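Asker: pasting the sequence and the predicted coordinates here, then a few questions.
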There are 4 protein chains.
Amino acid sequence: MGNTFGRLFRVTTFGESHGPAVGCVVDGCPSRLPLTEETVQTELDRRRPGQSRIVTQRKEADRVEILSGVLDGLTLGTPIGLLVRNEDQRSRDYDEMREKYRPSHADFAYDQKYGIRAWSGGGRASARETIGRVAGGAIAQLLLRQRYGVEIVAWVETVRDLGSAVDPDTVRREDVEAHIVRCPDLEAAERMLTLIEQVRKEGDSVGGVVQCVVRGVPPGWGEPVFDKLEADLAKALMSLPASKGFEIGSGFGGTLLRGSEHNDPYRADATGRVSTSTNHSGGVQGGISIGTPVTLRVAFKPVATVMHEQDTVTVRHENTTLKGRGRHDPCVLPRAVPMVEAMVALVLADHSLLQEAVRGRAEGWGEGLPSRTIGP
Amino acid sequence: MGNTFGRLFRVTTFGESHGPAVGCVVDGCPSRLPLTEETVQTELDRRRPGQSRIVTQRKEADRVEILSGVLDGLTLGTPIGLLVRNEDQRSRDYDEMREKYRPSHADFAYDQKYGIRAWSGGGRASARETIGRVAGGAIAQLLLRQRYGVEIVAWVETVRDLGSAVDPDTVRREDVEAHIVRCPDLEAAERMLTLIEQVRKEGDSVGGVVQCVVRGVPPGWGEPVFDKLEADLAKALMSLPASKGFEIGSGFGGTLLRGSEHNDPYRADATGRVSTSTNHSGGVQGGISIGTPVTLRVAFKPVATVMHEQDTVTVRHENTTLKGRGRHDPCVLPRAVPMVEAMVALVLADHSLLQEAVRGRAEGWGEGLPSRTIGP
Amino acid sequence: MGNTFGRLFRVTTFGESHGPAVGCVVDGCPSRLPLTEETVQTELDRRRPGQSRIVTQRKEADRVEILSGVLDGLTLGTPIGLLVRNEDQRSRDYDEMREKYRPSHADFAYDQKYGIRAWSGGGRASARETIGRVAGGAIAQLLLRQRYGVEIVAWVETVRDLGSAVDPDTVRREDVEAHIVRCPDLEAAERMLTLIEQVRKEGDSVGGVVQCVVRGVPPGWGEPVFDKLEADLAKALMSLPASKGFEIGSGFGGTLLRGSEHNDPYRADATGRVSTSTNHSGGVQGGISIGTPVTLRVAFKPVATVMHEQDTVTVRHENTTLKGRGRHDPCVLPRAVPMVEAMVALVLADHSLLQEAVRGRAEGWGEGLPSRTIGP
Amino acid sequence: MGNTFGRLFRVTTFGESHGPAVGCVVDGCPSRLPLTEETVQTELDRRRPGQSRIVTQRKEADRVEILSGVLDGLTLGTPIGLLVRNEDQRSRDYDEMREKYRPSHADFAYDQKYGIRAWSGGGRASARETIGRVAGGAIAQLLLRQRYGVEIVAWVETVRDLGSAVDPDTVRREDVEAHIVRCPDLEAAERMLTLIEQVRKEGDSVGGVVQCVVRGVPPGWGEPVFDKLEADLAKALMSLPASKGFEIGSGFGGTLLRGSEHNDPYRADATGRVSTSTNHSGGVQGGISIGTPVTLRVAFKPVATVMHEQDTVTVRHENTTLKGRGRHDPCVLPRAVPMVEAMVALVLADHSLLQEAVRGRAEGWGEGLPSRTIGP
């Protein structure tokens, strides 16, 4: 259970790290969208291992094959099967993990839940699982762009205590891609790079925060009460490996303001277009988008695999020690950026379809009714 | 859409603030649990308006009636209908809101989404909506206590910048209930009380953070990949009105640690019982509970209703100003505590049933297989 | 579990026969539909006990109260709570049923499943459960009529071996309502009436077949592969109490034809409007509506309560005998007609919203693409 | 949408007839079941084209590859990806279908729904889609056999007007497999074979009825009100290509009996084991299994592809004629047998897990409560 995300735009993923393949099935994608393998490949390349010197050096081309749902470059409205073969599996790096639980990994948890686990390479709990998310998210982003002009940009905001200065209103994806750390503040990116390399040399790891902005979301997306846009975003982001915290808009910092400071005053321009003069709400009110940019932050813990000797237990529950081996990321943040964008896209694509389904038809609202306009 | 929570333990809520009633239907509750209206009423009384001088003075007894699903004090396994009549509706306080959108309320969002809104009292977006959650959560807590001995305790950790010192390992619900602020650090609670009363006099509002600990969750709850325990908790908590942030375990603060510091080493005692010597993970690994306490934090923004003149727009999208009226909470935190517990209970009850459904049967695991033991 | 129907237009029902109330919550109904209690009441009156001399004489006014989701006669887009109080409960009629399982009732099954049952009046398995369905179905029919001009007409086609002659292309609901048996072939209806009254005198019961036609369904409703329109209709109708069989279009009789006889040839008229010259398919191809009338049939077994002595067992699994008591229908068919219409409406309303959600937008299909036209 | 079946045991299928591959993802399968590709292959071989002279001669080995979810021959509890490559695609047989809609096929419906269709080989509406069902069903049958000893046997009961005599209480799968028609009454099978071969020579097709019995279902499976066992079975079977009718137990024939004849009297044996002396109910009461055999029937229409000239329209909605080409089954019944078994297995596997989830625990029912025993 738990391998499907979404109600109308649905992604079902499968695959273990050292099994034959990983992939996903995307169901509910509208027909007649122009889709090729390159659209998906572009996003997979951004999360691929070995893409730069600061990520894991596992050698995986991660070439995607579209198995179904597309004809002559157009989606059919039928399920889109996406497949990526696993190639470079060094299971010998994991022999010790067969007997010992890696601290703060999922090994112990899987054994407790299932009575069995794919001990090699982290199995289903490996970050390779996110290939299915990123592949599905690529199609979601295509839908959002084509139908609504929605633009999603995420970037590394902090690494450990190293911050950055980025303007969410103007940052573009090419700014993010300009540096292998994926922080568009290039000076900060260099400082982060230095830290990451130093930490890798020490066999340790660091975490940080990814920020994301979504521009162009029309008002009306999100379903109160339980399926609020921020609730579904929180679930999506907190389902990513290593994520420990989520904020929408002002987040925890907003608790330091008074209501009179935190409220976002509405303003109308000469054309009747409504916006807000601040955006503490992060683009949502009552769980529904209001047309202003959706802003969110996700905290990622330092990667659990470190090359230090650590206390742990065996599968027979005897105390022992374990030292990390294998090829791992000293800092998950740069590769987390496309994962965050993918999950945000999956949520928004789903809510865009939900809103198509239940909205009062424009023509049905008639005269004298509340204006319906798109915010800034 | 969006008014149902859960897959196997499902709550569907309904009701507007100034309509005839609010309530919920709980489907999937196992049979033969001892349930009376008092079990539900106790929790409703903790979220009730007028319960103390620092919450809204709207006069609602919030008496619950069980409409179905219970016979002679035992659950039948059939849906449990729960009804609370609305009584004290001062719609005249809201006349101006018919024409003007309250800043950082859901008024504008609802009009954009639905082309109509129950303008009086906030309608569906009112905090009265949470009655259904708390009622359903009371039954979920009953299930968790009776079947698994799970104990959920939430409390007010901060109000604006005022912190507190509470030990998550030992705090009990009666400690929380000892003060109307629901902060079990009584000195801190008094400081918070002073701040809340001062803010109320000034017609303003403050936010803060609620922390929650769950003790007794057995290992194995949570469904990777998308329905991780922390992901569903995040969704549940971020669906509460006014919530802006969520953390599991170390949260955002954990990004300041190195992996070698953040990892939770496993330790086995003489009986083979496994626990961890730290709990940065907050009781989950890979989305699955490991038997250690589940710890989480939720940020609540300052309430949007303030008695100050604020910029806003009319329903015809003309600029205007609006000053808050009506009876409201200057600080939602004390009443948020039972809401947080209710939502946590709904998530855990659902996952407890999911795990009953798909777990390998103990007897099927046989000899030589990984030990299955309950953590601390 | 199992008390919610639908994905986007969702009905959740609750209530036992002899509990305080029955009702439902309708979630996902679009906003701004004109809805009053009378719209719902009209349908409830058609399924009400005591409506004629051939149905059970239990005295229930079945007055519905709308608890939420409607303001000033318009739907809000929020969940619509509907409540009907139970009034005339003669539990004393059921004392013997506490100890003995009624043959072909759900008593034994509920005890096996839940370890408890509301023995009085059939509890949740009573036909009173269908009040929630009919109430929800009334709103679904409103949506279908208002948005799409869809018209649903069901009628009693056979009672035991007594058939009738009705033209599905022209039969109207007022024709059906013209006779208490709800067979629009009035001569047949009289014969059926005579049989039903005779059977009632003998303390026995009879079954029969309800036929239903839906006119005005646009092409494109239904989701292959698993959620085909006929599959969801089959589920909906086979979930009704006492239903034992379902057919779409030619049904079992169609197995006697050859493919060359069974196929429905397409024909286009001068305007390019496509229809079929026969309708063996019953309005669907590949699980999707094609614009021709949707036709279906449902078999209802004879009511299980008969006033004869029958073999059965006690709750302690001892052999015994039992003779039916209480007020029951000798033939469920006349009251099943509005239930069938309600379930058909729930399926179609749900699929109408699903199709709104995922359809390629008309403007996106462009030049040279397949014609999109509405059939007859 | 609509490509996922089940709530806890979930199958998601994908694939077009002439695309690269078909397959499915099975999520929710419990861990530690012994599963190899041969378990799945055995069932696929029973539905494979070219398996005998009376089915389509398309050359497909239909070799399945397990992509994930299994380690060392045991299920992991994670999603099981299953892949079958398409091989023998003669798209040239379909050139005319690009321009013309085949009568009683899904071509027109797909164009109306999606504005596009995979015209070659029927695309998603091809019977190749059922490979995913049969593969998933093989795993469901494994679960049912291993955990509960449930046995599912389906067979061809009628072809057109040719009936057979088979005892549902004793028929075994090897009896069914003894003849290529899959009717275990061998004399009837020979008559059916003669008819099918004659019809094939005439370029026509015939339909018929598949019957299915399930032995060993414990009491308590099925979720009232909407997710009754017979309702979910009806949906599952009516989602199969070419199915037009469904019956549980007495079905339409049961409407000819009186209640006093139709009721199934309960009888207890000396050990307190309860059964019924007749089985008109088909193993379910009130939507819940009672321990007696579950019996059902499915009507399949004659295959739509016939080699006769038929009226139809072009994609531009002009009248024309079309004569079938390509390799097709003159009678779908023999290959439908494993499909029926697969769908029944998917429903039962799902309900077995649902019942594990919500049942009152045996130990919780205590003294003096209703006996809980397994029927015959």
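Answerer: Nice, I can see it.
Asker: strands of the stretch 201-350 of chain A, start to end?
Answerer: Here the stretch 201-350 of chain A has its strands, by DSSP state E, counting those that start in this stretch, at A:208-215, A:243-248, A:266-268, A:274-276, A:284-285, A:288-289, A:294-300, A:309-313, A:319-323.
Asker: so which of these comes closest to chain D?
Answerer: strand A:243-248 (20.0 Å; CB to the nearest CB). Every C-beta, even on glycine, is put in place using the N, C-alpha and C of the backbone.
Asker: and the angle for the closest one with strand A:208-215?
Answerer: 30 degrees (axes from the mean of the first three to the mean of the last three CA atoms, to 10 degrees).
Asker: strand A:243-248 packs against which elements?
Answerer: helix A:229-238, strand A:294-300, helix B:229-238, strand B:243-248 (3 or more CB pairs under 8 Å, 6 or more residues apart in numbering or on different chains; DSSP states H and E).
Asker: quick check: residues of the stretch 1-150 of chain A near chain B?
Answerer: A:1-5, A:13, A:101, A:103-106, A:108-117, A:124-125, A:129, A:133 (CB under 8 Å from any CB of the partner chain).
Asker: now intersect the residues you listed with the strands, please.
Answerer: Per DSSP state E, strands hold the following members of these: A:4-5, A:13.
Asker: relative to C:Leu82, which of these is nearest.
Answerer: A:Thr4 (31.4 Å; CB to CB).
Asker: can you tell which of the strands of the stretch 201-350 of chain A is closest to D:Thr255?
Answerer: Short answer: strand A:288-289, nearest of those by CB to CB, at 50.1 Å.
Asker: report all helices and strands that the closest one contacts.
Answerer: Checking 3+ CB pairs under 8 Å, 6+ apart, strand A:288-289 ends up next to helix B:107-114.
Asker: report all helices and strands that the helix it packs on contacts.
Answerer: Packing contacts for helix B:107-114, counted by 3+ CB pairs under 8 Å, 6+ apart, involve strand A:284-285, strand A:288-289.
Asker: is any residue of the first one near chain C?
Answerer: The reference is to strand A:284-285. No: under the criterion of CB under 8 Å from any CB, chain C is not reached by strand A:284-285; the shortest gap measures 15.5 Å.
Asker: pull the distance from that strand to the chain's centre.
Answerer: 21 Å (CA atoms, centre = their mean, to the nearest Å).
Asker: quick check, that strand touching chain B?
Answerer: Yes: Strand A:284-285 is in contact with chain B by CB under 8 Å from any CB, via A:284-285.
Asker: who does that strand pair up with?
Answerer: Strand A:284-285 has the following strand partners under DSSP bridges: strand A:288-289 (antiparallel).
Asker: show me what the strand it pairs with is in contact with.
Answerer: Contacts of strand A:288-289 with the rest of the structure, by CB atoms under 8 Å, 6 or more residues apart in numbering or on different chains, involve A:217-222, A:224, A:228-229, A:283, B:106, B:109-110, B:112-113.
Asker: what's the average pLDDT for it?
Answerer: Strand A:288-289 comes out with an average pLDDT of 97.
Asker: could you do stretch A:135-147 as well?
Answerer: Averaging pLDDT along stretch A:135-147 yields 97.
Asker: how about the helices in the stretch 51-200 of chain A?
Answerer: A:107-114, A:130-148, A:173-177, A:186-201 (DSSP state H, counting those that start in this stretch).
Asker: let me know which of those is tucked in deepest.
Answerer: Ranked by mean neighbour count under mean count of other CB atoms under 10 Å in any protein chain shown, the helices of the stretch 51-200 of chain A are led by helix A:107-114, which reaches a mean of 27.
Asker: report pLDDT for the residue in the stretch 51-200 of chain A that chain C sits nearest to.
Answerer: Proximity of the stretch 51-200 of chain A to chain C (CB to the nearest CB) peaks at A:Gly77, 6.8 Å away. Listed pLDDT for A:Gly77 reads 96.
Asker: what number of residues lie near it?
Answerer: 27 (other CB atoms under 10 Å in any protein chain shown).
Asker: so who does it touch?
Answerer: With CB under 8 Å, 6+ apart, A:Gly77 has these contacts: A:29-32, A:69, C:358, C:360, D:113-114, D:116.
Asker: quick one: whatever residue of the stretch 101-250 of chain A ends up closest to chain B from D:Leu67, how far?
Answerer: Per CB to the nearest CB, A:Ala106 is where the stretch 101-250 of chain A lies closest to chain B, at 2.5 Å. Counting by CB to CB, to the nearest Å, the separation of A:Ala106 from D:Leu67 is 21 Å.
Asker: neighbour-wise, which of those two wins?
Answerer: Neighbours were counted for A:Ala106 and for D:Leu67 using other CB under 10 Å; A:Ala106 has more, 27 against 24.
Asker: ignoring the adjacent residues along the chain, who's closest to the more buried one?
Answerer: B:Gly286 (2.5 Å; CB to CB, 6 or more residues apart in numbering or on different chains).
Asker: from memory that neighbour sits against A:Gly123, does it?
Answerer: No: the criterion here is CB atoms under 8 Å, and B:Gly286 misses it with A:Gly123 at 9.6 Å.
Asker: joint contacts of these two?
Answerer: By CB under 8 Å, 6+ apart, the residues touching both B:Gly286 and A:Gly123 are A:Tyr110.
Asker: who touches the nearest residue to A:Thr4 once chain neighbours are set aside in this structure?
Answerer: Residue nearest to A:Thr4 in three dimensions, not counting chain neighbours: A:Thr12, with 4.4 Å by CB to CB, 6+ apart. By CB under 8 Å, 6+ apart, the contact set of A:Thr12 is A:3-5, A:24-25, A:27, A:132, D:4, D:12, D:25, D:27, D:79.
Asker: let me know the closest of the residues you listed to A:Glu190.
Answerer: Distances from A:Glu190 to those, taken by CB to CB, are shortest for A:Gly132, at 33.1 Å.
Asker: now that closest one: closest residue in space that isn't a chain neighbour?
Answerer: Using CB to CB, 6+ apart, the nearest residue to A:Gly132 is A:Thr13, at 2.9 Å.
Asker: output the longest helix belonging to chain A.
Answerer: helix A:333-358 (DSSP state H).
Asker: could you give me the average pLDDT of it?
Answerer: 96.
Asker: over to stretch A:22-34?
Answerer: Throughout stretch A:22-34, pLDDT has a mean value of 96.
Asker: between the two ends of that stretch, what distance do you get?
Answerer: Taking CA to CA, to the nearest Å, the first and last residues of stretch A:22-34 lie 24 Å apart.
Asker: in that stretch, which residues are buried?
Answerer: Residues A:22-33 are the ones in stretch A:22-34 that count as buried (16 or more other CB atoms under 10 Å in any protein chain shown).
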